[in-house]
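Undergrad: sharing a model prediction with you, sequence too.
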Amino acid sequence: MMKCLKIKIGGKYIEAFLISLQSKNLILLRGARGYVMCGYLNMKAAEKFKDVAIKITGISTIEEALKTSVHSCTSYAKKLGITKGQPIQNVLKIIA
């Protein structure tokens with residue numbers, strides 16, 4: 001199963017994806033400037049590709065993803081002011 005939503009953040013939109021895998025859900029929130037992803041995110045690869053990438057953990061739904069906080073992020077995300085522990089709602093305003 002795959003679920004895709006457009007979510008309004010301020011005056012912009014992000015795309016939210018949920019893909020059901022065999023044992024877990026893969027969650028991705030994508031904005032124009034970067035993305036937020038569940039524990040499947042390979043931070044070393046994201047850093048190598050110079051992505052504005054933010055990792056979240058302990059979630060299994062889009063709704064939970066919207067209520068969590070930053071677990072870790074790339075140096076490119078940090079350059080935009082994103083920090084560990086920051087609420088995802090604030091991050092989405094930055095990357096939308």
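TA: In hand now; what should we look at?
Undergrad: hey, let's count contacts and neighbours off CA atoms from now on
TA: Fine.
Undergrad: let me see the ranges of the helices in the protein.
TA: Here the chain has its helices, by DSSP state H, at 43-48, 62-65, 75-78, 88-95.
Undergrad: those helices into a markdown table, with extra columns for mean neighbour count?
TA: A markdown table is the format used below for the helices of the chain (neighbours: other C-alpha atoms under 10 Å):
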| stretch | mean neighbour count |
| --- | --- |
| helix 43-48 | 13 |
| helix 62-65 | 16 |
| helix 75-78 | 18 |
| helix 88-95 | 19 |
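Undergrad: nearest to Gly11, of these?
TA: The closest of the helices of the chain to Gly11 is helix 88-95. By C-alpha to C-alpha, the value is 9.2 Å.
Undergrad: check which helices and strands the closest one sits against.
TA: If you count contacts as 3 or more C-alpha pairs under 8 Å, 6 or more residues apart in numbering; DSSP states H and E, helix 88-95 packs onto no helix or strand.
Undergrad: hey, C-alpha coordinates of that helix in CSV?
TA: Extracted C-alpha coordinates of helix 88-95, given in CSV (Å, rounded to 0.1, in the frame of the first residue of the first chain):
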residue,chain,number,x,y,z
ILE,A,88,9.1,18.7,12.7
GLN,A,89,6.4,21.3,12.2
ASN,A,90,9.1,24.0,12.4
VAL,A,91,11.4,22.1,10.1
LEU,A,92,8.7,21.7,7.5
LYS,A,93,8.3,25.5,7.3
ILE,A,94,12.0,25.7,6.5
ILE,A,95,12.0,23.0,3.8
